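In: Predicted model, plus sequence, below.
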Amino acid sequence: MVSSSSFSTVNPSFHWNSPSNFRNYNINSNNSNNSNGRSCYHCITSNGWRSVFILCLLSILIVAIIMLSSSFPKPSRFIPYGERQSNEVIAQASKCPYVWHGGSPANNIKGSCWCSGIDQYCMCTPSLAIDGIIEYVPPNTTVGNRCDHCQIILVKRRDPPRDYYAIPGGFVNVGESTEEATVRELHEETHLTITKDCLEQFRWYSDPTRDPRRHTVSVVYRCLIHSIDKLKQGDDAKAVKAISLKDVLDLPLAFDHRHILSDYFQKYHPHYLKPQSKA
């Protein structure tokens with residue numbers, strides 16, 4: 001056990017049994033180490049206020065972050081972009097003060113809905129599309145009911161229905177004629193240069209169930225070409241191929257394209273129709 005005499009050796013003026021001396025010792029020793037002459041109490045007080053100020057700032061920052069994050073709605077499940085967009089359209093249409101003609105997007109119809117800014121007339125209509133049957137006829141070949149070297153240009157789909165073959169085509173943009181849309185779409189999907197002079201209107205197809213994605217009306221054109229040197233698939237196709245007439249109807253065909261091509265063969269190449277195709 002350490003005796004009081006040992007403490008007196010270090011600091012003779014300090015005694016454990018003297019509270020006043022203990023206080024004086026702390027203050028004096030603090031003053032001896034503080035060049036500014038501030039008391040230990042003053043240091044603790046100023047540091048305390050600084051800590052309180054910093055804690056207040058942190059609290060305000062945390063509350064602001066929580067409020068900001070809560071302002072962004074988080075869906076309970078992942079909703080694909082197309083479905084989110086459809087839900088937004090339905091919600092807006094339900095609040096629309098105008099009368100919808102031909103159907104309403106609030107009923108989630110599969111077509112094109114719009115409101116005119118001129119007469120405030122709102123309507124839903126089928127989407128207008130085109131398809132182009134490109135038939136390759138080799139040079140010096142007579143086009144007739146039988147053409148063993150003739151071929152039909154088809155694209156192999158990358159999107160659903162995936163790996164099915166389809167007639168090149170697409171939707172008509174606002175401000176386009178169906179002929180202009182056909183020239184554009186066929187070039188985008190096959191890289192072939194098609195002119196409006198080449199196009200011959202074949203038929204149009206408007207069955208509401210012809211495309212499961214949406215109600216479409218398609219104007220189908222025919223075009224005869226004599227070169228496929230530049231034939232190349234577009235970005236949205238897995239492949240583009242020139243298929244012999246005798247093999248076309250044996251392929252898995254998307255949408256109602258088997259029906260379209262059967263009608264085409266019936267008119268121009270009945271020789272290549274198989275018994276089940278004629279039925």
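Out: Ah, there it is.
In: alpha carbons only for contacts and neighbour counts from here, please
Out: Will do.
In: Quick check: the closest residue to residue 138 other than its chain neighbours vs residue 141, distance?
Out: Nearest residue to residue 138, sequence neighbours excluded (CA to CA, 6 or more residues apart in numbering): residue 226, at 5.3 Å. Look at residue 226 and residue 141: by CA to CA, to the nearest Å, they are 9 Å apart.
In: Also residue 65?
Out: With CA to CA as the criterion, residue 65 and residue 141 are 75 Å apart.
In: With residue 174 instead?
Out: 39 Å.
In: More neighbours: which of the two?
Out: More crowded of residue 174 and residue 141, by other CA atoms under 10 Å: residue 141, with 12 against 8.
In: Let me know the pLDDT of the more buried one.
Out: What the model reports as pLDDT for residue 141 is 82.
In: where's it relative to residue 112, distance?
Out: According to CA to CA, residue 141 and residue 112 sit 43 Å apart.
In: How about residue 172?
Out: 12 Å.
In: How about residue 264?
Out: Relative to residue 112, residue 264 is positioned 28 Å away (CA to CA).
In: got it, and residue 65?
Out: On the measure of CA to CA, residue 65 and residue 112 end up 41 Å apart.
In: check contacts around the nearest residue to residue 211 once chain neighbours are set aside.
Out: Nearest non-adjacent residue to residue 211, counting by CA to CA, 6+ apart: residue 255, 5.6 Å away. Residue 255 is in contact with 166, 210, 211, 212, counting by CA atoms under 8 Å, 6 or more residues apart in numbering.
In: From residue 67, how far out is the second one?
Out: This points to residue 210. Applying CA to CA to residue 210 and residue 67 gives a distance of 50 Å.
In: And those two? Which one has more around it.
Out: Set residue 210 next to residue 67 and count neighbours by other CA under 10 Å: residue 210 wins out with 18 against 11.
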